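Enquirer: Got a sequence here, can you model it:
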Amino acid sequence: MAASESALDVVVVVGNPKPGSRTRQAAELVAERVAGHPADEVIELADLGPRLLGWGDEEVGRAKARALAADLVVVASPTFKATYTGLLKLFLEQFDAGELAGTPALPVMLGGSPAHQLAGEHTLKPVLVEIGFSCPTPSLYLLDSEWDTSPALAPWLEQAKRTLGVGSQP
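Expert: Next up, the predicted model:
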């Protein structure tokens, strides 16, 4: 990505049904460390709740438009039943196939067990690609007990910055 750090418009989409969750905190940390500044907007899908069940809701439309306009979207969910939440599914279903036209997305999932570390690759990433997101990095899976101290975090962040062409280069 050719955009400079300060020009990168980053939106975080949080699929946790509990507002203010560790999922949100982890996604905001990823956004800030990759882009070099806090996310420009955080969309808490829990705040949209039942509005996601229909079509044409104004607030859902605004959230969708915001994701469409972003330079980078961090899509985050806790792992429920080895996949992302139904709340996130409802939001992603608002987009047509290919509608995001190559917008980079960073899939982030938190879970209670390392047994689900491939959930992002096997469940979330294919849906993101179907609606047009480009997912240039492997999904990031963090244990919810160590989301901010995980030994996997720093190397993944460096890879993401290199791949996206942002941040300081060696």
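
Enquirer: Let me see the ranges of the helices in the chain.
Expert: According to DSSP state H, the chain carries its helices in the segments 22-35, 45-48, 58-69, 86-92, 119, 125-130, 153-164.

Enquirer: where does the chain have low pLDDT?
Expert: Along the chain, segments meeting pLDDT under 70 span 1-6, 168-170.

Enquirer: Just give me the residue right at the centre of it.
Expert: Val75 (1.3 Å; CA atoms, centre = their mean).

Enquirer: what pairs with that residue across the strands?
Expert: Applying DSSP bridges to Val75 gives these bridge partners: Val13, Pro107.

Enquirer: pretty sure it contacts Val127?
Expert: No - look at Val75 against Val127 with CB atoms under 8 Å: they stay out of range, at 9.4 Å. Glycine gets a C-beta too; all of them are placed from N, C-alpha and C.

Enquirer: residue contacts, Thr79?
Expert: Thr79 is in contact with 109-112, 116, 119, 141, counting by CB atoms under 8 Å, 6 or more residues apart in numbering.

Enquirer: Skip the chain neighbours and tell me the closest residue to it.
Expert: Gly111 (3.5 Å; CB to CB, 6 or more residues apart in numbering).

Enquirer: and that neighbour, how many neighbours?
Expert: Neighbour count for Gly111, taken as other CB atoms under 10 Å: 21.

Enquirer: and it, what does it touch?
Expert: 78-79, 117, 119, 141-144.

Enquirer: want to try JSON lines for those residues, with distance to Pro19 as columns?
Expert: Output for those, formatted as JSON lines (distance: CB to CB, whole Å):
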{"residue": "Pro78", "distance to Pro19": "13"}
{"residue": "Thr79", "distance to Pro19": "18"}
{"residue": "Gln117", "distance to Pro19": "26"}
{"residue": "Ala119", "distance to Pro19": "22"}
{"residue": "Tyr141", "distance to Pro19": "22"}
{"residue": "Leu142", "distance to Pro19": "19"}
{"residue": "Leu143", "distance to Pro19": "21"}
{"residue": "Asp144", "distance to Pro19": "16"}
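
Enquirer: ok, so of those residues, who is nearest Glu28?
Expert: Leu142 (13.0 Å; CB to CB).

Enquirer: Just list whatever residues bridge to the residue nearest to Thr79.
Expert: Leu143.

Enquirer: ok, now which ones touch the closest residue to Ser139 other than its chain neighbours?
Expert: Ranked by CB to CB, 6+ apart and with sequence neighbours excluded, the top spatial neighbour of Ser139 is Gly120, at 2.6 Å. Shown in contact with Gly120 (CB under 8 Å, 6+ apart): 107-109, 138-141.

Enquirer: Many thanks, we can stop here.
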